[in-house]
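Q: A predicted structure for the sequence below; I have some questions about it.
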Protein chains: 2
Amino acid sequence: MDISKHDQEFIKKKNKNMVLDIIKSSRPISRAKIAKLTSMSATSVGRIVNDLCQIGLVKETEQYSSGVGRKATMLDIDAGSVLTIGVEMDKGVIKIGIVDFDGHIIAENKLTKLYHLDDPVKVARELSEYIQELIDHNEIVISKIIGIGIGVPGIIDMDKGTIVFSSQLGWENVNFAALVESHLHIPTVIDNDLKVKALGETYYGFVKGSKRAVLLGFGSGVGSALVIDGTVYRGESNIAGEIGHSTVDPNGMLCECGKRGCLQTYIADFTIIQEANKVKPITSIKEIFDSAHNNETWAVQIIDRACTYIAITVSNVVCMYNPDTIILGGHLIEQHVEMLETVKQKINQFIWGPFNGTYKLVSSKLQSNAVIIGAATLALQQRLDHEM
Amino acid sequence: MDISKHDQEFIKKKNKNMVLDIIKSSRPISRAKIAKLTSMSATSVGRIVNDLCQIGLVKETEQYSSGVGRKATMLDIDAGSVLTIGVEMDKGVIKIGIVDFDGHIIAENKLTKLYHLDDPVKVARELSEYIQELIDHNEIVISKIIGIGIGVPGIIDMDKGTIVFSSQLGWENVNFAALVESHLHIPTVIDNDLKVKALGETYYGFVKGSKRAVLLGFGSGVGSALVIDGTVYRGESNIAGEIGHSTVDPNGMLCECGKRGCLQTYIADFTIIQEANKVKPITSIKEIFDSAHNNETWAVQIIDRACTYIAITVSNVVCMYNPDTIILGGHLIEQHVEMLETVKQKINQFIWGPFNGTYKLVSSKLQSNAVIIGAATLALQQRLDHEM
């Protein structure tokens, strides 16, 4: 039995990421030091460093004398030399950002109007035009852009670049990455919005350096994403963490998916609004909060129940993932920060004793930029994984 | 900023495991081939191989001529040269097995009587005596035994070797690994029983080679364990997967933990028996199954509801982990295999569409030996990780 090609690829990828991580964390550093730290041969380190220099991520800097009078060329990261583009797509909005290696958005744009949702081909063309405009307007050297990442609510086959199903966009089986690539000729990756958001928060948010962070999103749906050691845990088919359709009560309300008592029938924003409409005609969550601030009992009740189910969700996710950090995100929370305190208090009712003190509960740091930055981060990761 | 000692240790461990994995999968193989496959320097490969030979896991075999007439010494695994001991401890029973590198139990013993549960010091002494007896009786060369692994129901601090809390044993904060080590002077590791069971099933059960397997245990409690690429996912404090105390219904029954509506109040065996006692005096699950086979409505109802909650649990765990395999274990299932079919049928009511076909549902292969084999496997993993 021989070692498989797949395993060899895996080892190569691991070695490459290890070298890049060491340069990032210990810059400036010499090739010889990297070889020593990794136990790799000088030849292999040299090859990987050359690849990283060619992409533009790594640059040679001044020579340092090391040890007995010899000089070694040092390696450093060149944050501005490589850019990726992050895109957030949702029902009513497309947001685009050009992001550098340090996770800073150096240019951005937002589209809310000219958007033909019924036709993915048209959307891809429009999106590509707007990306091109953003590049031109900011006089970005196009060769610096090594990838595009797109975050979309729904089930995404990242390997194929396909939106398998997005109820928000109303799309099924659309190879959207290929459509965008056909216009811009830049490697494009597409993923679930919560997963890239979690990636962004882990790299550049409050939880930078966390070993096991979970992002919970409460908005038009309910979802979670786990990031282990800087990599999104995807599961078998990239739908790990899809808790919106976990069963809370087998005799509960019917969900749009056809099952009874799914978590999202208790907490997604449209179900909250639906419930409010039993009392008065309401079209937004904000109106419910306004009524609650006026001490209208029905509104206080609805928000209290929402906080209860958010607290239960946090508790149950903690049971499964035992994370060091939970990031509460999604517009239901981000636009109503007063919920956070209530949720924190309620969690004490539901969390099992041994989990007390094992995790931090934080809000999103990147907030409305999280998907853009996360998608750009994914594009960079992908490029490093596949193109070297 | 310099690379941390922790990161260096991590890289060393990764390299070592990589070399062992390659020898396991591609034996016989030469040092030079390993260096080529891993990009490691010849010196580093040599050092790691020497360590593995010293432990006894790897042996040199015949010389093969490779390429232009040169000869290379080949490396192979020596499955019988290294043994570990696996122990399963539960309320009424201790089981001990001596396990070889291929996961075979070559000698075993079971204790059900002389067991002073109230005193961990006595239990450790008795256990050690029985291990010694098993070794002596089977004329095992003691130097071959490189580690002991113990699986215990409860919350275990594996790093410290401590049973933090085990309601089954009634113990709190007992450094049991150190107690056993003080008698036998063999490195001893202790872990949660479900976690080691999952490890055993992944290495030697039906799901050998699975990338993401989840073991679900239904018995005196309810729990789950996720194994990603051969390593147990532990979370921040080794309590990932403790779903027994996730909240199913905030207004549900009071649980022994003091919270309301925990999953285990619906499905653990003592709660099922408690419920049955509303109808008639029952002391075992078996009696309920017997009554169900006689078509007594109450028993049919109870078992039907148990199957419903097992199906919901499977569905909810699939939502979180998106595994390739779910192994149903625990004595409630293992002793009543007829439940499996009912559970399979019920899952269709609860599983969200996109998860259909993403996972296999299997029963435990190792069954009553799973904890022993898994604990022995953990002892081997630990020895490789820490002692080299």
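A: Nice, thanks for sending it over.

Q: Name the residues that touch the one helix or strand residue A:43 maps to?
A: According to DSSP states H and E, residue A:43 maps onto helix A:42-55. Helix A:42-55 is contacted by residues A:15-16, A:19-20, A:23, A:31-32, A:34-35, A:38, A:58-60, A:75, A:82, A:146, A:383-384, A:387-388, B:39-41 when judged by C-beta atoms under 8 Å, 6 or more residues apart in numbering or on different chains. Using the backbone N, CA and C atoms, a C-beta is placed for each residue, glycine as well.

Q: buried ones in that helix?
A: A:44-45, A:47-49, A:51-52, A:55 (16 or more other C-beta atoms under 10 Å in any protein chain shown).

Q: Now the element after the longest helix that chain A contains, going C-ward?
A: Assignment by DSSP state H gives helix A:297-321 as the longest helix of chain A. Moving toward the C-terminus from helix A:297-321, the next helix or strand (DSSP H and E) is strand A:325-329.

Q: is that following strand up against chain B anywhere?
A: No: judged by C-beta under 8 Å from any C-beta of the partner chain, strand A:325-329 and chain B are separated, with a smallest distance of 8.9 Å.

Q: What helices and strands are in contact with the following helix or strand past that strand?
A: Next along the chain after strand A:325-329, taking DSSP H and E as the criterion, comes helix A:331-334. Using 3 or more C-beta pairs under 8 Å, 6 or more residues apart in numbering or on different chains; DSSP states H and E, the elements in contact with helix A:331-334 are helix A:269-276, helix A:338-350.

Q: hey, which of these is tucked in deepest?
A: Burial of those is given as mean neighbour count (mean count of other C-beta atoms under 10 Å in any protein chain shown); helix A:269-276 ranks first at a mean of 18.

Q: picking up where we left off before, can you check which of the helices and strands packed on helix A:331-334 gets nearest to residue B:339?
A: Residue B:339 lies closest, by C-beta to C-beta, to one member of those: helix A:338-350, at 28.9 Å.

Q: relative orientation of the closest one and strand A:325-329 in degrees?
A: Relative orientation of helix A:338-350 versus strand A:325-329 (axes from the mean of the first three to the mean of the last three C-alpha atoms, to 10 degrees): 140 degrees.

Q: and the longest helix of chain A, which residues are buried?
A: A:298-299, A:302-303, A:306-321.

Q: Report how many residues lie close to the closest residue to residue A:234 other than its chain neighbours.
A: Nearest residue to residue A:234, sequence neighbours excluded (C-beta to C-beta, 6 or more residues apart in numbering or on different chains): residue A:240, at 5.8 Å. For residue A:240, the neighbour count with other C-beta atoms under 10 Å in any protein chain shown is 24.

Q: Surely residue A:240 is within a helix?
A: No: according to DSSP: H, G, I helix; E, B strand; the rest coil, residue A:240 belongs to no helix; its state is coil.

Q: can you pull the contacts of residue A:323?
A: Residue A:323 is in contact with A:210, A:212-214, A:226, A:317, A:359, B:235-236, counting by C-beta under 8 Å, 6+ apart.

Q: at 6 Å instead, please
A: A:212-214, A:359 (C-beta atoms under 6 Å, 6 or more residues apart in numbering or on different chains).

Q: where does it fall, phi/psi-wise?
A: Backbone torsions of residue A:323, given as degrees, to the nearest 10, read phi -80, psi 170.

Q: Against residue A:211, how distant is it?
A: According to C-beta to C-beta, to the nearest Å, residue A:323 and residue A:211 sit 9 Å apart.
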